[in-house]
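> structure for the following, please:
(4 chains)
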Protein chains: 2
Amino acid sequence: MTSVWTRPSRPAKSPALSRPQIVRAAVELLDAQGMDALSMRRLAARLGSGATSIYWHVANKDELLDLVLDEVFGEVPLPEPEASWREAASMFAYGLRATLFTHPWSVTLIGNRVTVGPNAVRLTARLLETFTGAGFQGQFLDRASSTLLAYVLGATTPEVAWRSMMADSGTNEHELFEAGREVMKQTARDHPELLARYADYEGKDATIVRALVFDFGLTCVLDGLEAHLRRSGASPSPFPAPEGGPPPGTDRPEGLKGAR
Amino acid sequence: MTSVWTRPSRPAKSPALSRPQIVRAAVELLDAQGMDALSMRRLAARLGSGATSIYWHVANKDELLDLVLDEVFGEVPLPEPEASWREAASMFAYGLRATLFTHPWSVTLIGNRVTVGPNAVRLTARLLETFTGAGFQGQFLDRASSTLLAYVLGATTPEVAWRSMMADSGTNEHELFEAGREVMKQTARDHPELLARYADYEGKDATIVRALVFDFGLTCVLDGLEAHLRRSGASPSPFPAPEGGPPPGTDRPEGLKGAR
DNA sequence: GAGTGGAATCGAACACTGTACGAGGGGCGC
DNA sequence: GCGCCCCTCGTACAGTGTTCGATTCCACTC
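Below is the predicted model:
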């Protein structure tokens, strides 16, 4: 049983190519042109080297993708330990979402591989600390952080799919909205209530709409977690949440204030 | 702007090949051998036809994948309209999870394409009905169902990654657990609390553990949704949830009873 | 029945993929 | 100078999605 994470990077004196360099170039290529554009030959071209030279530093493409994915996790801002747990969890959620947006291809990767790289580990460790501070204990620590992670990942996935569909069809948000209506008219003929729902978003800024959807779900998840804490009678965090929801302005990042 | 869903299937009198037949064969192939094994040539071989004949019924591989994914959504059991909304939502969540498990490759597909096939549409329509019955209104209908969907998708994704990793490394759950511990020892050296968490699962049945994690998160999401209903003072569903959580046995499917 | 037109199938070919292999270069310690 | 080992790279192979044009086959009209 071997893994990228056990086998050390080749000695640091590598003259022309190095593992971190390769990974960085791969991320750049992926960001610029997407998953399909990442081939060993193209990556090598960007590095100014031969295609097969890469295989000295990395066992195969799959392993390279493992490294690349962990690089993404390294960009996710760590939750602040001194904040209230709701605030820390919120910030983490928004941070992860933002990171996945800047590297849309990473969502696909997450579905294909188990993530055990150092950056991912550090992130989950911090998440556990956060929930420990909130009052979760034992297996409930994993359950709580898994729940939060699952929500963010699952909420972001379709958003990314939308964005990348826009990107490689070359259309903008509005055109796609209209096109969607056309498809709807046919495929949702038996579901008039769906068309009504669709019409509700006419002329609205899709980015804001999606952010509100995300925020609503996040609030639900956090409320649910808080309900568990109350049920289990855990000692609360140093900043107990007041009745009727979190204090205004702590949960939502700047851009969203008053955007109801 | 064209799409598979607007352009009709070729006339039904197709002698040797037909679109549904192709899709069915593709699903079988994917189930048996996974995403990498699906090539047009192999698919054609399974159909007993030439590789390029498929292109008469389907524009390209991407379009085929759209069809295949919607086929998966067709297998998800629809939420029962007459059940209480919590029960309906729970059943839907477990149903979707189970379906994604029997077609692990579909998780990858969801990350890459926007899903607007007829089966997916029917499913979301039913989901909207369910939440309408629960008392959600207007845009909160979408927000609620998006939240539930996001959680299930995000929770299932890593589980699927695990399973498929087991599948194509040929190892069983226990061996992978041990191997994971080895990797942990190195990569989580700075995070001793993580190792403690890991040790907590020694000897436990991973399938049950994961099911409990899933159930916990689902309860959180449902509790959070219910909290929103209470806050907004919505008229409750015909089966109001009693204080202190749902009645025992309605939320959890059979296999999980008393497995705490 | 002969003939015709379109529906459907298919083989060959193209540009591209990941990677195994082995030949080489270049800098180091002796 | 010599050998050694790290590293690079060209070549080659099997396989990919898809285009194109030729071919088959069936349902129809005369």
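> which strands and helices sit next to the longest helix seen in chain A?
The helix that spans the most residues within chain A, counting by DSSP state H, is helix A:139-169. Counting contacts by 3 or more CB pairs under 8 Å, 6 or more residues apart in numbering or on different chains; DSSP states H and E, helix A:139-169 is packed against helix A:85-102, helix A:105-112, helix A:118-134, helix A:173-187, helix A:206-231, helix B:105-112, helix B:139-169, helix B:206-231. Any C-beta I mention is one placed from the backbone N, CA and C, and that applies to glycine too.
> by mean pLDDT, show me the worst of those helices.
Averaging pLDDT over each of the helices and strands packed on helix A:139-169 singles out helix A:173-187 as the lowest, with a mean of 82.
> coming back round to it: of all the helices and strands packed on helix A:139-169, which lies closest to residue B:187?
Across these, the minimum distance to residue B:187, taken as CB to CB, is reached by helix A:118-134, at 5.3 Å.
> returning to what we had before: report the inter-axis angle for the longest helix of chain A versus helix B:139-169.
Using axes from the mean of the first three to the mean of the last three CA atoms, to 10 degrees, the inter-axis angle of helix A:139-169 relative to helix B:139-169 is 100 degrees.
> and the angle for helix A:139-169 with helix B:206-231?
80 degrees.
> buried sites along helix A:139-169?
Buried residues in helix A:139-169, counted by 16 or more other CB atoms under 10 Å in any protein chain shown: A:139-164, A:166.
> same thing with stretch A:42-58?
A:43-44, A:47, A:49, A:54, A:57-58.
> and what of stretch A:91-98?
A:91-97.
> cool, and stretch A:118-137?
A:118-136.
> and chain B, is it touching that?
Yes. Contact of stretch A:118-137 with chain B (CB under 8 Å from any CB of the partner chain) involves A:118, A:121-122, A:124-125, A:128-129, A:132.
> over to stretch A:215-231?
Yes. Using CB under 8 Å from any CB, stretch A:215-231 comes into contact with chain B via A:216-217, A:219-225, A:227-228, A:231.
> equivalent analysis for stretch A:63-82, please.
No. Applying CB under 8 Å from any CB, one finds stretch A:63-82 separated from chain B by no less than 9.9 Å.
> what does that stretch rub up against?
A:4, A:19, A:22-24, A:26-27, A:30, A:54, A:58, A:87-89, A:91-92, A:95-96, A:99-100, A:102-103, A:106, A:109-110, A:112-113, A:115, A:117-120, A:122-123, A:126-127, A:129-130, A:133 (CB atoms under 8 Å, 6 or more residues apart in numbering or on different chains).
> buried residues of it, list them for me.
A:63-73, A:75-76, A:78-79.
> for residue A:105, see how far away the residue of the stretch 101-250 of chain A at minimum distance from DNA strand D is.
Going by CB to the nearest atom of the strand, DNA strand D is nearest to residue A:168 of the stretch 101-250 of chain A, at 12.7 Å. Computed as CB to CB, to the nearest Å, the residue A:168 to residue A:105 distance reads 12 Å.
> then residue A:128?
When residue A:128 is compared with residue A:105 (using CB to CB), they lie 28 Å apart.
> repeat that for residue A:43.
Taking CB to CB, one finds residue A:43 at 14 Å from residue A:105.
> ok, now residue A:225?
Residue A:225 is 30 Å from residue A:105, by CB to CB.
> ditto for residue A:119
Counting by CB to CB, the gap from residue A:119 to residue A:105 is 17 Å.
> ok, residue A:76 next?
With CB to CB as the criterion, residue A:76 and residue A:105 are 16 Å apart.
> and for residue A:159?
14 Å.
> again, but for residue A:140
33 Å.
> ok, back up a step: for the helices and strands packed on helix A:139-169, could you give me CSV that also reports distance to residue B:181?
Output for the helices and strands packed on helix A:139-169, formatted as CSV (distance: least, CB to CB, whole Å):
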stretch, distance to residue B:181
helix A:85-102, 26
helix A:105-112, 22
helix A:118-134, 13
helix A:173-187, 47
helix A:206-231, 28
helix B:105-112, 26
helix B:139-169, 15
helix B:206-231, 13
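> residue B:197 is nearest to which of those?
Among the helices and strands packed on helix A:139-169, helix A:118-134 sits nearest to residue B:197 (CB to CB), with 6.7 Å.
> between that closest one and helix A:206-231, how many degrees?
Using the same axes, to 10 degrees: helix A:118-134 against helix A:206-231 is 50 degrees.
> neighbouring contacts of helix A:118-134?
Counting by CB under 8 Å, 6+ apart, A:5, A:69-71, A:73-74, A:76, A:78-79, A:81, A:85, A:88-89, A:92, A:141-142, A:144-145, A:148-149, A:225, A:229, A:234, A:236-238, B:187-188, B:190-191, B:193-194, B:197 sit against helix A:118-134.
> next, the angle helix A:105-112 makes with it.
80 degrees.
> and helix A:118-134, how far out from the chain middle?
Remark: helix A:118-134 is offset 16 Å from the chain centroid, using CA atoms, centre = their mean, to the nearest Å.
> do stretch A:104-117 as well
10 Å.
> report whether that stretch contacts DNA strand C.
No. Using CB under 7 Å from any atom of the strand, stretch A:104-117 stays clear of DNA strand C, with a minimum separation of 13.1 Å.
> buried set for that stretch?
Under 16+ other CB under 10 Å, the buried positions of stretch A:104-117 are A:104-117.
> return the residues of chain A in contact with DNA strand C.
Near DNA strand C, when you scan chain A using CB under 7 Å from any atom of the strand, you find A:38-42, A:51-52, A:55, A:60-62.
> of these, which belong to helices?
Using DSSP H, those in helices are A:40-42, A:55, A:61-62.
> pLDDT and distance to residue B:179 added to those, as TSV?
TSV is the format used below for these (pLDDT from 0 to 100; distance: CB to CB, whole Å):
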residue	pLDDT	distance to residue B:179
A:40	98	27
A:41	98	33
A:42	98	33
A:55	97	24
A:61	98	22
A:62	96	17
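> which of the residues you listed lies closest to DNA strand D?
Of these, the one sitting nearest to DNA strand D (CB to the nearest atom of the strand) turns out to be residue A:55, at 6.4 Å.
> can you list residues touching both of residue A:168 and residue A:105?
With CB under 8 Å, 6+ apart, residue A:168 and residue A:105 have common neighbours residue A:34.
> show the model's pLDDT score for residue A:37.
Here, the pLDDT recorded for residue A:37 equals 96.
> okay, now the closest residue to it other than its chain neighbours: neighbour count?
In space, residue A:37 comes closest to residue A:29 once its chain neighbours are excluded; the distance is 6.3 Å by CB to CB, 6 or more residues apart in numbering or on different chains. Residue A:29: 21 surrounding residues under other CB atoms under 10 Å in any protein chain shown.
> hmm, residue A:29 is touching residue A:39, no?
No. Using CB atoms under 8 Å, residue A:29 makes no contact with residue A:39, being 9.1 Å away.
> noted, bye for now.
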